[in-house]
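1. From the sequence below, what's the structure:
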Amino acid sequence: MTDTENKKGQPDVLPAALFGLCPHCGQKTLFANLTKFSDKCRACGLDYSHYNVGDGPAAFLTLIVGAIILGLALAVEANFHPPIWVHVLLWVPLTVAAVVGSLRVSKALLLILEHRNQAREGSIDSSNSP
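-> As a prediction, the model looks like this:
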């Protein structure tokens, strides 16, 4: 057993999220493109379409990355006073790369945790009602 696998042969959560590994078999089949999940795992056939990650990570990460980039931009402006075109060339690509990169990891993390914890939509059990 390697250090990136747990007892069930599944990869650990963080390496699986970072590298886009299937939460069931550990193959690199989670993503079809940059941030879109595949329909199913090409190795073990796990259906990814029934997992609901939603758009929560996008809004959350945009705010976090935006705050970090803003702080860095203000620090650069205060220390070096570059022209505006330098800010545009520096911060726009860095912001896009940071949001897309962190979005990919966070979406994978949520899907993997949903699979591990067998999370499903909630329902009210009517048999226990008075």
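
2. Enumerate the positions of the helix or strand that contains Trp85 that are buried.
-> Assigned by DSSP states H and E, Trp85 belongs to helix 84-116. By neighbour count on 16 or more other C-beta atoms under 10 Å, the buried set for helix 84-116 is 91, 95, 98-99, 102-115. (Glycine included, C-beta is placed from N, CA and C.)

3. How about stretch 42-51?
-> 46, 48, 51.

4. so the last one, which of the three states?
-> Of the three states, Tyr51 takes coil under DSSP: H, G, I helix; E, B strand; the rest coil.

5. That one contacts Arg116, doesn't it?
-> No: applying C-beta atoms under 8 Å, one finds Tyr51 not in contact with Arg116, separated by 11.2 Å.

6. Low-confidence bits of this structure, can you list those?
-> Filtered on pLDDT under 70, the chain yields the residue ranges 1-9, 123-130.

7. go with 50
-> 1-5 (pLDDT under 50).

8. Identify the residues contacting the nearest residue to Asp39 once chain neighbours are set aside.
-> Nearest residue to Asp39, sequence neighbours excluded (C-beta to C-beta, 6 or more residues apart in numbering): Ser49, at 5.5 Å. By C-beta atoms under 8 Å, 6 or more residues apart in numbering, Ser49 lies in contact with 37, 39-40.
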